[in-house]
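Engineer: Provided below are the primary sequence and the corresponding predicted coordinates.
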Amino acid sequence: MAVFIDETEALRYMGYRMAPDAHALSALRAQISEISPRLEPKAVYRAFEIERVEGGIALRGSAVWLKGQNIAALLEGCGRAVLLAVTLGPEADAILRRAQVRDLFTALAADACLTAAVERAADELEEEIRREFAPCALTMRFSPGYGDLPLETQRELLAALNAYRRIGVSLGESLLVTPQKSVSAIIGIGGREGREGERGCGSCAARDCAYRRGNQP
């Protein structure tokens, strides 16, 4: 079954803020057709009880320690948090390497397609989590490296999920994830009424993100 790759999202990851030219659109659509049937996303998630302690937030039964004002604000009022990881697997890395050999523009289009695909897979996993924990409200998805949440948090997050054994995702000494097209994140469960609306770029503290929706020049 082919993985859906949103053309508009892929164009955004390519850096287009307005309508692309015919060459760019043709190259992108060719990559979508070529890549989509070859992807098999894998995912894992697990819920933990939140324990608020001096200096941060601990997740009971794990070594995960969440530091920073942004994650504290996100999880305000939440009793639990879900850790998740999603990957397109090593095939996505192979696709990108082959595209890089062809030419720079093809590589750019392939990278954008793969990024859109892994984010879509993460969105679908989030919806699965939302259904499982209904009627509890869920926060937006928040990843290590967003705002002031240290990127190093990803190491403990992946370990808590046993992500390498379960879906083949690992983290190197330089904090680069393998396979490249993988996403890890935290979602709060519960919290104050109306929290369900606090999702997406508008509620993220990373205001200078190049991919931020509505942050176009």
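Structural biologist: Cool, the structure landed.

Engineer: Mind listing what's buried along stretch 4-21?
Structural biologist: For stretch 4-21, a neighbour-count test (16 or more other C-beta atoms under 10 Å) marks 5, 6, 9, 10, 11, 12, 13, 14, 16, 20 as buried. (Glycine included, C-beta is placed from N, CA and C.)

Engineer: If you average the pLDDT over that stretch, what comes out?
Structural biologist: Stretch 4-21 shows a mean pLDDT of 90.

Engineer: how long is it from one end to the other?
Structural biologist: Distance between the two ends of stretch 4-21: 23 Å, counting by C-alpha to C-alpha, to the nearest Å.

Engineer: on that earlier part again, which one of the buried residues of stretch 4-21 is nearest residue 144?
Structural biologist: residue 13 (19.8 Å; C-beta to C-beta).

Engineer: The closest residue to the closest one other than its chain neighbours - how many residues pack around it?
Structural biologist: Spatially, and ignoring its direct neighbours in sequence, residue 13 is nearest to residue 112 (3.8 Å; C-beta to C-beta, 6 or more residues apart in numbering). Per other C-beta atoms under 10 Å, the neighbour tally for residue 112 reads 23.

Engineer: was I right about residue 112 contacting residue 16?
Structural biologist: No - in this structure residue 112 lies outside contact range of residue 16 using C-beta atoms under 8 Å: 9.2 Å.

Engineer: re the thing from before, inside helices: which ones of the buried residues of stretch 4-21?
Structural biologist: Using DSSP state H, the members of the buried residues of stretch 4-21 that fall within helices are 9, 10, 11, 12, 13.

Engineer: can you put these in JSON lines and add distance to residue 126?
Structural biologist: Formatted as JSON lines, these follow (distance: C-beta to C-beta, whole Å):
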{"residue": "9", "distance to residue 126": "15"}
{"residue": "10", "distance to residue 126": "19"}
{"residue": "11", "distance to residue 126": "22"}
{"residue": "12", "distance to residue 126": "19"}
{"residue": "13", "distance to residue 126": "19"}
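
Engineer: nearest to residue 102, of those?
Structural biologist: For those, the residue nearest residue 102 by C-beta to C-beta is residue 10; the value is 17.3 Å.

Engineer: Next, residue 189: secondary structure please.
Structural biologist: With DSSP: H, G, I helix; E, B strand; the rest coil as the basis, residue 189 sits in strand.

Engineer: re the thing from before, specify which member of the buried residues of stretch 4-21 is nearest to residue 165.
Structural biologist: Closest to residue 165 out of the buried residues of stretch 4-21 is residue 5 (28.2 Å), distances taken as C-beta to C-beta.

Engineer: which parts of the helix or strand hosting residue 120 are buried?
Structural biologist: Taking DSSP states H and E as the criterion, residue 120 maps to helix 104-133. For helix 104-133, the neighbour count (16+ other C-beta under 10 Å) marks 106-122, 125-126, 129-130, 133 as buried.

Engineer: Which neighbouring elements make contact with it?
Structural biologist: Counting contacts by 3 or more C-beta pairs under 8 Å, 6 or more residues apart in numbering; DSSP states H and E, helix 104-133 is packed against helix 7-13, helix 22-35, strand 42-53, strand 78-87, helix 90-102, strand 182-190.

Engineer: Okay then, goodbye and thanks.
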